[in-house]
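Undergrad: only geometry, no sequence info:
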């Protein structure tokens, strides 16, 4: 897999910023990969509406400009990696 060109800091259930908890999107041409290191989170896409349960063995790809937000309901650690082309999540 191609290396990310940028990554967020690691977030926990206490430090996850409101910007990620509310509707947002990546810029044109920017792919995201939501990586959960501990616990689970829900990645909620708005259009079309769908929810992905993301866990340590199952990162989730975020397409460019797709409106989404993150929901949590317990302890977790996660970060987001950014790519210039679609990432291939590692197979567990």
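TA: Right, received. Where do you want to start? Computed from a prediction, not measured in an experiment: that's the story for all the values here. Numbers count the residues shown, from 1 in each chain.
Undergrad: Nearest the geometric middle of this structure, what residue?
TA: When C-alpha atoms, centre = their mean is applied to the chain, the residue found nearest the centroid is residue 34 (2.6 Å).
Undergrad: Excluding chain neighbours, what is closest to that one?
TA: Nearest residue to residue 34, sequence neighbours excluded (C-beta to C-beta, 6 or more residues apart in numbering): residue 60, at 4.6 Å. Quick note: C-beta positions are derived from backbone N, CA and C, even for glycine.
Undergrad: Would you mind listing the residues in contact with that neighbour?
TA: 33, 34, 43, 52, 54, 89 (C-beta atoms under 8 Å, 6 or more residues apart in numbering).
Undergrad: Could you dump these into TSV and include secondary structure and pLDDT?
TA: As requested, those are exported to TSV (DSSP: H, G, I helix; E, B strand; the rest coil; pLDDT from 0 to 100):
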residue	secondary structure	pLDDT
33	strand	97
34	strand	97
43	strand	98
52	strand	97
54	strand	97
89	coil	66
